[in-house]
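[1] below are the sequence and a predicted model; questions follow.
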Amino acid sequence: MDRHEGEIKVWDPVVRVFHWSLVLFVGIAFLAGEDYLKLHVQAGYGVIALVLFRLLWGLVGTRHARFSEFMYRPRVVLNYLKDLVTFRAKRYLGHGPAGGSMVIALLLGLLLTSVSGLAFYGGKKMAGPFAGMMVGVDPFWIKALEEVHEVLAGGTALLIGLHVAGVLFSSFAHRENLIKAMITGYKPKATADAPALEEGLR
């Protein structure tokens, strides 16, 4: 008997490996902090590489991995959120309007956080790809870069928290295990409706 009987393949292996690798590198970066600066920086490199790869995969990857599949107008996102909190939201096979918007926000937040961190690292330690650009820069601006990096990191951490909360709430509202789906790649056919393609930015 097929162990995936009654299910449909949604997430390809590339998306799943990317997702959990990003969780790992972001976790390392936050836990290492400045106490383990070298490890923190190396994790930052990993995050940048993963995000850049995901941006490429979002253009040429499989159907549900593509940005064109889950980019929606703000009005559609707001209407979806209103329906979600009242348990009337439509189920989507891939990312829904809220989930798709969160993907974009997280990728942008992680990229800006990592790049600002490398810029600060270049100014503080004269190391990394931005070291040459930081020669002779006033210490005021180096400190400003540190503040920007910390604000971006805090904002990204908030987005991550909202993402986790959204996944848990959506799993409950739609009666499907979204975390399991990101591990196995499969969703139940009975609870995963096809997305409303006409509402996306296509």
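    Looks like it arrived, so ask away. Residues are numbered from 1 along each chain as shown.

[2] C-alpha from now on. contacts and neighbour counts both.
    Will do.

[3] next SSE downstream of the longest helix seen in the chain?
    The helix that spans the most residues within the chain, counting by DSSP state H, is helix 139-174. Note on helix 139-174: by DSSP states H and E, the next helix or strand toward the C-terminus is helix 178-184.

[4] now stretch 148-158: buried residues?
    Within stretch 148-158, the residues that count as buried by 16 or more other Cα atoms under 10 Å are 148, 149, 152, 153, 155, 156, 157.

[5] sorry, wrong one. I was asking about stretch 21-35.
    22, 25, 26, 28, 29, 32.

[6] quick one, what contacts the third one?
    By Cα atoms under 8 Å, 6 or more residues apart in numbering, the contact set of residue 26 is 43, 44, 47.

[7] count residues in the vicinity of the second one, would you?
    In other words, residue 44. Residue 44 has 24 neighbouring residues, counting by other Cα atoms under 10 Å.

[8] settle this for me: it is touching residue 29, isn't it.
    Yes: Residue 44 is within contact range of residue 29, at 6.5 Å (criterion: Cα atoms under 8 Å).

[9] from the contacts of residue 26, which is closest to residue 73?
    Within the contacts of residue 26, proximity to residue 73 (Cα to Cα) peaks at residue 47, which comes in at 27.6 Å.

[10] what sits in contact with each of residue 44 and residue 29?
    In contact with both residue 44 and residue 29: no residue, using Cα under 8 Å, 6+ apart.

[11] that older thread, for the longest helix of the chain, name the packing helices and strands.
    Packing partners of helix 139-174 (3 or more Cα pairs under 8 Å, 6 or more residues apart in numbering; DSSP states H and E): helix 97-125, helix 178-184.

[12] and with 6 Å instead?
    helix 97-125 (3 or more Cα pairs under 6 Å, 6 or more residues apart in numbering; DSSP states H and E).

[13] which residues touch stretch 151-160?
    Under the contact criterion Cα atoms under 6 Å, 6 or more residues apart in numbering, stretch 151-160 has outside partners 109, 113.
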